[in-house]
Every structure is written in structure tokens, then in C-alpha cells.
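Q: sequence-free structure coming up:
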């Protein structure tokens, strides 16, 4: 009897709980359903593209070479008696560097002078004989043959005098060559001989080398591809020659430090090196302090020309698509994002030079690229180059630009 009463009470409470749960469900169905709030419009920092005038330059590797170089060689045979310079010092043109034993050459000069004097001493008597024979010839006192022999002897003696004059001059020149002098001013290197060495005229090995280093040349190879591209830009009007500034150039030294003095383009070679497919540009730089030495590796910045309608965008505004092509996002007049494919020329500082894909007045997204995609609505704020924009961090650019 008690068991039946307990089962009855459990059933009763179960019915009450089910009734309460059903009431709660009915109350929930009567409430109106609320939709989720719309997502906020993303904010991006944009930069308005404006054409500007810039000077385009090309940075090329090169090496320094002396302005003038002279290899010192003897012009006569002999024994080196003295070396009259300090290795590594500055020498002046005409300065005596070596002395070769002059004794044999002095003797040759004296011998030639003596022979010349002898010939000149014999000439008057021969001339007098010719004059006497000429006077006696009409009277048949001398034969025609004797007169002709006397006249020929006079001409022979005159020729012999001229010969010995030439020999005297040759001996004097050779004697002067015993003093080996500097043909140019500059810095002289080490000497390959010492006192007591035997040298021969015009020997293959130089006694020393003099190099003029102020001014100094910088030889820069430029590929024919880049040269033809530059000519095409000038012909198309995309580049304008920059007048007298067109020939100016600057240098970057091995340590990355800029050379303080400006140089000029001396000439552009017309022969292509078949092994490298490049031509040589020779630049000339002043070098008063001797900072530049022959054979140094440097980078030369050469001016290509003036671009009057250049479009520059920050590098952080350019990204890459799946194929690696450069792209940028812009905001149109309806505040929607559009994607543009770009063609880049070169990097100028922290910006890209854009040759196609953008127009003047386009609003390029610089910051907030990671929050938007093409077709999305956005809110623009001006881009602050100082890094104070509120649109968030910008996307990092990819590899180097593809040139046109």
C-alpha cells in the first residue's frame, strides 16, 4: 500500500515539472528574435598618388684605375749606379729616378766629336783645290777627270761632316738617357732593381711604375640591355636629358660610405665586351687626398635622366599575387576596394617607381591591407609617412621589382 503511494507521488511531480518546462518554452517562443549587429567598416590608410619630378639614377659596380700610368724602362744598356727616389713617394715630371753609368756614352760622344772635327778640318783644303782646278780647267792645265775627282771629294767630305754631326747628336742623346727621368708626375711604386743591376734598352721588365691618381678614373661596365632600355626611354620621352647634370656621378665606397666629391662621365665606350655583353663607362673623379687607390671596388651612381611625371608609391603598399606579380589595392569613389596589377621600374629609397597600373589621383591603400579584400567597403584615413596612421600595420612587400 505504501509502495503504490510513493509511485503515485513520483508520477505527480513528473507531470508538474513537464508542465513548467512546457510553459517556459511557450514564453520563449513569444519573444521577438534579435539579429546580430552588422560588422564595422574596416579603416585603411590611403595615399593619393601624385606625379612628381625626379632624377633617375643607376647604381653600377666598378673599379678605379689611374688617370695616367707610366712604366719606367731604360733606353740604353748599362749598369745602374744610383736610385734617386723613395719608393711610394710622389715624384714630379722630369725628376731623375736612376743613373746609369755614363762613362761609355761620354767616350762615344767624345769620339764622335773628334771625328767631326777631323772632317771639318779637311773640308777647307779640298774646297780650295776644287776652286784652283776650276780656274785651271779652261786653260787645260788640269784634266776634266781631275776636276771631277776634286769636286766629288768635296761633296764626300761634306756628307761625312753631316754624318759625324748626326753621330755626335746620337751620342749626346744616349748620354742623356743614362739619367732615367719621370715622364709624368704621380706616385711611384716599388723599384724592381737596385744599384749594380745590369739593364738593357727597352727591356720587358719595368724598373718602376708611376701612377697619377688625381684625378682618377672609375671604369664601370653597363649591360647592353640596360643601355638599350635607357635609349628607348629617352626616345619615348619618358626620360629627359638633365642638361649639364646628366654627366655628373657619385661614388659609394666599399664600406658603404659616400665619396664626398662629385665626378663626371668621361666617355662611354662603343665596343661591347663579348664575354660579358657590356660596354664600359669611364668616370672621372677628383682625388686630392689620395683616398681612392687603383683597383678599389666601388659603386658608381650614374644619372639616367629626368622624369617629369613619375608615380611613386611606398613599398609597403605593394604586395604580390599568387604568380608573384606586383599588385596594389586602391579605394574608388564609392569607397570600395579595387585591385590593380602594376609594372614597376625600380626602387627609389623606400618607394617603388610605377610605370603602369596606377593613375594620378588614385587612392592607394598603404596600411590596413591585411583587413580588406577587393570589393569590400572601407573607411579612408590619410596615410602618415611618419608612422602615426591609425589603420594598423601594413603588409610587407615582396622581392625586387620587375623592370619594364
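A: That came in fine, so what should we check first? The model shown is predicted, which means the values in this text are computed figures rather than measured ones.
Q: I'd guessed residue 278 sits against residue 224; true?
A: Yes. Proximity of residue 278 to residue 224 meets the contact threshold set by CB atoms under 8 Å, at 6.5 Å. Any C-beta I mention is one placed from the backbone N, CA and C, and that applies to glycine too.
Q: return every residue with contacts to both of these two.
A: Jointly contacting residue 278 and residue 224 under the rule CB atoms under 8 Å, 6 or more residues apart in numbering are residue 272.
Q: now the strands: where do they sit in the stretch 151-300 of the chain?
A: 179-181, 186-188, 198-199, 208-223, 248-252, 263-268, 278-285, 297-314 (DSSP state E, counting those that start in this stretch).
Q: buried residues in the second one?
A: Of the residues in strand 186-188, those buried under the neighbour-count criterion (16 or more other CB atoms under 10 Å) are 186-188.
Q: do the same with stretch 262-276
A: Buried, per 16+ other CB under 10 Å, within stretch 262-276: 263, 265-266.
Q: please convert these to a markdown table, extending it with pLDDT.
A: As requested, these are exported to a markdown table (pLDDT from 0 to 100):
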| residue | pLDDT |
| --- | --- |
| 263 | 90 |
| 265 | 85 |
| 266 | 82 |
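Q: closest to residue 105 out of these?
A: residue 266 (41.7 Å; CB to CB).
Q: if I look at that closest one, how far off is residue 282?
A: When distance is defined by CB to CB, to the nearest Å, residue 266 is 4 Å away from residue 282.
Q: now do the same end-to-end measure for stretch 267-280.
A: With CA to CA, to the nearest Å as the measure, stretch 267-280 spans 9 Å from end to end.
Q: now that stretch: mean pLDDT?
A: For stretch 267-280, the mean pLDDT works out to 84.
Q: what do you get for stretch 99-116?
A: In this model, stretch 99-116 has an average pLDDT of 95.
Q: how far is that stretch from where the chain is centred?
A: Stretch 99-116 sits 53 Å away from the centroid of its parent chain (CA atoms, centre = their mean, to the nearest Å).
Q: for stretch 217-229, same thing?
A: Averaging C-alpha positions (CA atoms, centre = their mean) puts stretch 217-229 8 Å from its chain's average.
Q: now swap in stretch 255-270 and tell me
A: 6 Å.
Q: what does that stretch rub up against?
A: With CB under 8 Å, 6+ apart, stretch 255-270 has contacts from 217-218, 222, 246-253, 279-287, 291-292, 298, 300, 302.
Q: mind redoing it with 10 Å?
A: 67, 215-222, 227, 244-253, 278-289, 291-292, 298-303 (CB atoms under 10 Å, 6 or more residues apart in numbering).
Q: if any of those are buried, put those into a ChimeraX selection.
A: Restricted to buried positions by 16+ other CB under 10 Å, the ChimeraX selection for the contacts of stretch 255-270 reads:
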select :67,215,216,217,218,220,221,222,246,247,248,249,250,251,278,279,280,281,283,284,285,287,292,298,299,300,301,302,303
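Q: shouldn't residue 113 be in contact with residue 170?
A: No. Residue 113 is beyond contact range of residue 170, at 11.9 Å (criterion: CB atoms under 10 Å).
Q: comparing the two, which residue is more hemmed in?
A: Remark: of residue 113 and residue 170, residue 113 carries more neighbours, 16 against 13, as counted by other CB atoms under 10 Å.
Q: show the backbone phi and psi for that one.
A: When read as degrees, to the nearest 10, the backbone of residue 113 gives phi -60, psi -40.
Q: distance of it relative to residue 164?
A: From residue 113 to residue 164 the distance is 8 Å (CB to CB).
Q: pLDDT score for residue 328?
A: Taking residue 328 on its own, its pLDDT is 90.
Q: list the strands paired with the helix or strand that it is a member of, with their directions.
A: Counting by DSSP states H and E, the element that carries residue 328 is strand 326-331. Using DSSP bridges, the strands paired with strand 326-331 are strand 319-320 (antiparallel), strand 337-341 (antiparallel), strand 363-367 (antiparallel).
Q: residue closest to the middle of the protein?
A: Closest residue to the average C-alpha location of the chain: residue 300 at 3.4 Å, with CA atoms, centre = their mean.
Q: got a list of what the closest residue to residue 340 other than its chain neighbours touches?
A: The shortest distance from residue 340 to any non-neighbouring residue, by CB to CB, 6 or more residues apart in numbering, is to residue 357 (4.8 Å). The neighbourhood of residue 357, defined by CB under 10 Å, 6+ apart, consists of 311, 313, 318, 325-328, 330, 340-344.
Q: farthest-apart pair in those, please.
A: 311 and 325 (17.5 Å).
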